[in-house]
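**Q** got a structure for you, letters missing:
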């Protein structure tokens with residue numbers, strides 16, 4: 001069931017939202033989560049090797065002064081994996097916040113049968129709330145301008 005716009009406008013008036021593209025963040029979350037949530041044991045072992053054991057091996061190589069040019073590529077790969085991991089954790093926190101906000105407004109208003117893409121349900125909810133806030137701003141500014149015009153007409 002879609003939300004009542006008047007209710008969303010009234011309730012979201014004092015809510016502060018970050019100016020974000022919620023669907024882009026949801027796409028990024030789906031991409032990163034598919035990279036880190038492994039379906040098979042072998043994929044999990046490879047992930048652990050790339051993120052934990054291989055950096056330790058590289059530190060050992062540096063200590064033994066056997067660091068080569070080929071190791072630089074491995075360092076870059078390890079750095080990128082850890083960077084993506086922390087980005088995924090940041091997105092998980094943002095999406096948890098989305099869930100809290102959307103549920104407090106009586107949502108989610110659409111559903112998804114695929115749990116992988118359920119994050120788009122909350123992105124849609126946040127987009128609706130953001131849109132209702134912008135409608136409130138547009139209406140209040142147009143209301144002020146019509147009041148000024150009416151005041152000019154009555155005073156003249």
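**A** Now that the structure is in, tell me what you want to look at. Just so you know, these numbers come straight off a predicted model, no measurement behind them.
**Q** quick one: contacts for the residue nearest the centre of the chain?
**A** Closest residue to the average C-alpha location of the chain: residue 25 at 3.9 Å, with C-alpha atoms, centre = their mean. By C-beta atoms under 8 Å, 6 or more residues apart in numbering, the contact list for residue 25 reads 91, 94-95, 123. C-beta here means a position set from N, CA and C on the backbone, and glycine is covered the same way.
**Q** Mark which of the residues you listed are part of strands, please.
**A** Per DSSP state E, strands hold no members of those.
**Q** ranking the residues you listed by neighbours, who comes first?
**A** residue 123 (24 neighbours; other C-beta atoms under 10 Å).
**Q** Does that residue touch residue 26 like I think?
**A** Yes. Counting by C-beta atoms under 8 Å, residue 123 does reach residue 26; the two are 4.1 Å apart.
**Q** Return the distance of the residue nearest to the centre of the chain relative to residue 43.
**A** 25 Å (C-beta to C-beta, to the nearest Å).
**Q** Likewise for residue 11?
**A** Taken as C-beta to C-beta, the span from residue 11 to residue 43 is 44 Å.
**Q** Would you mind telling me which of these two has the busier surroundings?
**A** residue 11 (16 against 13).
**Q** Kindly state the pLDDT recorded for that one?
**A** Listed pLDDT for residue 11 reads 70.
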